[in-house]
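K.L.:
Predicted model and sequence follow; I will ask about them next.
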Amino acid sequence: MSILESFVKNSKPMITVEDVYQKSDVVFKSFIVTFSFRTVEALMEDGLIETVAEDAIRSISCHYPVYRFIGTDIGLIKTTVGAPLTSVLIEEMSYMFSCRKAVIFGSCGSLDKSIPEHKLIVPTDAYRDEGTSYHYMEPSDYIRMKNHKKVCEILDELPVGYVTGKTWTTDAFYRETAEEIKKRKSEGCIAVEMEFSACQAVCDYAGIELYGFLYRADNLDSAAWEKSGRDALLSKDKRLDILNVAFEIAKRI
């Protein structure tokens, strides 16, 4: 069977999130998903978050602590890179903490060299170059990032500068080839990352509102990889500035 035939709309899954986890007594209004352990460390160091559950979500390889911004009903969890885990983690958080609104943000590779380092990018559509989304919706090249206009409205209110465009979600970090980059650019992609199309598909399927943005890290719109803008090089202050944008979105949705 082709992956293009993987999705059957009314088929019942053998395992559901309800089979694996119990609901928590804690209820979040919204929650934020970050990829950066350095951001979590900075928030803990400054006393801005508290641990709700050390091992609420777990796997055979590790567990995923759940945090709350002190004095709020906004949650936080750190995921790891990759579409399958991150998309399902959002579904598990949504179920366990009775919350249908998620904010996701992270770094990305630029496909447009005119975008400055660390500039915010709001994806409008995501190219589905990963496997997860094909089990949650009908096949298509792109998926619409449903709430991108609301994200833009909030950034305008703050105000925070940003650009919009399509993003390329891929499972294959070491197979972002020059030929593929040229093709994606011709279709309007301005960034490449590894989660957004899958997260949107899972959220659409599960009835979760997803709000997402990226910030420009390295650059692939060049003859050779330009890695100077990588997340590891961000200062603590810049890291928290970007996190604060996610927090403002989480407050306003």
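P.N.:
All right, it came through fine.

K.L.:
Tell me which residues of the helix or strand of the chain with the lowest mean pLDDT come out buried.
P.N.:
Between all helices and strands in the chain, the lowest mean by mean pLDDT, DSSP states H and E belongs to strand 49-58, at a mean of 91. Within strand 49-58, the residues that count as buried by 16 or more other Cβ atoms under 10 Å are 49, 52-53, 56-57. (Glycine included, C-beta is placed from N, CA and C.)

K.L.:
out of those residues, who's nearest Tyr67?
P.N.:
Proximity of these to Tyr67 was ranked by Cβ to Cβ; the top entry is Ile49 with 4.3 Å.

K.L.:
Might you report the residue contacts of that closest one?
P.N.:
When contacts are counted by Cβ atoms under 8 Å, 6 or more residues apart in numbering, Ile49 touches 40, 43, 67-70, 76.

K.L.:
Starting from the least confident helix or strand of the chain, tell me which strands it pairs with and how they run.
P.N.:
strand 63-69 (antiparallel) (DSSP bridges).

K.L.:
Surely Gly47 is in contact with Gly71?
P.N.:
No. Using Cβ atoms under 8 Å as the test, Gly47 is too far from Gly71 to be in contact (10.9 Å).

K.L.:
In stretch 68-88, which residues are buried?
P.N.:
68-69, 73-79, 82-83, 85-88.

K.L.:
Out of those residues, which one has the weakest pLDDT?
P.N.:
Minimum pLDDT for these is recorded at Gly82 (92).

K.L.:
I figured that residue hits Glu193, correct?
P.N.:
No. Under the criterion of Cβ under 8 Å, Gly82 is not in contact with Glu193, lying 10.6 Å apart.

K.L.:
Quick one: the helices in the protein, in order.
P.N.:
With helices called from DSSP state H, the chain shows them at 17-20, 37-45, 83-96, 148-157, 178-186, 196-206, 236-252.

K.L.:
Val26 versus Tyr134, what's the distance?
P.N.:
33 Å (Cβ to Cβ, to the nearest Å).

K.L.:
who's more crowded, these two?
P.N.:
Tyr134 (20 against 16; other Cβ atoms under 10 Å).

K.L.:
how close does that one get to Tyr64?
P.N.:
Counting by Cβ to Cβ, the gap from Tyr134 to Tyr64 is 25 Å.

K.L.:
Likewise for Leu89?
P.N.:
Distance, Leu89 to Tyr64, by Cβ to Cβ: 7 Å.

K.L.:
Are there residues contacting both of those two? Which ones?
P.N.:
By Cβ under 8 Å, 6+ apart, the residues touching both Leu89 and Tyr64 are 57, 77, 79.

K.L.:
which one of those residues is nearest Ser2?
P.N.:
Of the shared contacts of Leu89 and Tyr64, the one sitting nearest to Ser2 (Cβ to Cβ) turns out to be Thr79, at 29.1 Å.

K.L.:
right, and Gly188 touches Lys166 too?
P.N.:
Yes. In this structure Gly188 lies within contact range of Lys166 using Cβ under 8 Å: 4.6 Å.

K.L.:
With neighbour numbers in mind, choose between those two.
P.N.:
Lys166 (19 against 15).

K.L.:
quick one: the more buried one and Ser186 touch, right?
P.N.:
No. Using Cβ under 8 Å, Lys166 is not in contact with Ser186, being 10.9 Å away.

K.L.:
Excluding residues flanking it in the chain, which one is nearest Gly47?
P.N.:
Distance criterion Cβ to Cβ, 6 or more residues apart in numbering; nearest residue to Gly47, sequence neighbours excluded, is Ile70 at 7.1 Å.

K.L.:
what's the distance between that neighbour and Asp112?
P.N.:
Distance from Ile70 to Asp112, by Cβ to Cβ: 38 Å.

K.L.:
centroid residue for the chain?
P.N.:
Ile104 (3.8 Å; Cα atoms, centre = their mean).

K.L.:
And Met1, what's its pLDDT?
P.N.:
Value listed for Met1 in the pLDDT field: 67.
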